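Colleague: what follows is a predicted structure for the sequence shown.
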Amino acid sequence: MALNYFINQGGINPTGLSLTAIQAGVNESSAQHTLGTSIAFPTGEYYVYVQVIDATAAVDGAVMQQSTTGLWIVTSDRSGGTAATNGLVVGVAQGTVTANYYTWIQYRGETDYVRTDGGVAIGDALVLHTADEEADTFADGEAEIIFGIAGAADDANGTTSAMLFCW
């Protein structure tokens with residue numbers, strides 16, 4: 001199925017979705033939209049509707065990777081779940097999401113909250129870390145899996161702001 005693009009500009013929105021449809025922390029037990037539905041806001045942030053699977057819930061800022069079970073089904077569980085082995089990031093969770101629930105994740109634009117490994121500096125290129133839910137800085141040979149640029153050094157909680165360009 002092709003990616004559905006719906007752009008909010010000047011109040012025109014062919015999906016019927018409003019800005020309030022993309023609320024941080026949406027955690028739905030059943031699908032309310034078609035998986036892969038994407039919304040772009042005039043401010044440059046892009047979101048896509050996904051299902052989060054595996055035993056662990058995704059927390060706010062969790063780095064989400066494509067699972068091996070289907071398109072637009074994502075996971076933050078790198079160590080024991082169904083994560084694809086290519087290291088490609090689909091987006092970043094915008095709130096805590098229960099396993100097997102549905103949500104919107106951000107995949108482009110500026111975000112205030114990305115979980116990190118504690119070693120990120122401003123301007124670092126971000127890649128998927130080997131630890132669950134986290135971003136790391138890229139090393140030689142990983143240029144094809146960069147998904148964002150850190151907007152600040154990570155804080156004491158292991159988070160940073162970033163400019164995302166996941167796909």
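Modeller: Structure received. In this text, all values refer to a predicted model and were calculated from it rather than measured experimentally.

Colleague: can we go C-alpha only for contacts and neighbour counts from here?
Modeller: Noted.

Colleague: show the subsequent helix or strand relative to the longest strand along the chain.
Modeller: The residue-count maximum for a strand in the chain (DSSP state E) belongs to strand 102-115. Downstream of strand 102-115, the next assigned helix or strand under DSSP states H and E is strand 125-128.

Colleague: okay, now the sheet partners of that next one, with direction.
Modeller: If you go by DSSP bridges, strand 125-128 pairs up with strand 135-137 (antiparallel), strand 148-150 (antiparallel).

Colleague: how about these, which one is nearest residue 97?
Modeller: Minimum separation from residue 97 across these (Cα to Cα) falls at strand 135-137, 18.1 Å.

Colleague: show me what that closest one is in contact with.
Modeller: 63, 114-117, 119-120, 124-129 (Cα atoms under 8 Å, 6 or more residues apart in numbering).

Colleague: now with 7 Å?
Modeller: 63, 115-117, 120, 124-129 (Cα atoms under 7 Å, 6 or more residues apart in numbering).

Colleague: which of these tops the neighbour count?
Modeller: When neighbours are counted by other Cα atoms under 10 Å, residue 63 leads these with 31 neighbours.

Colleague: report the contact partners of that residue.
Modeller: Counting by Cα under 7 Å, 6+ apart, residue 63 has contacts 76, 89, 91-93, 115, 133-135.
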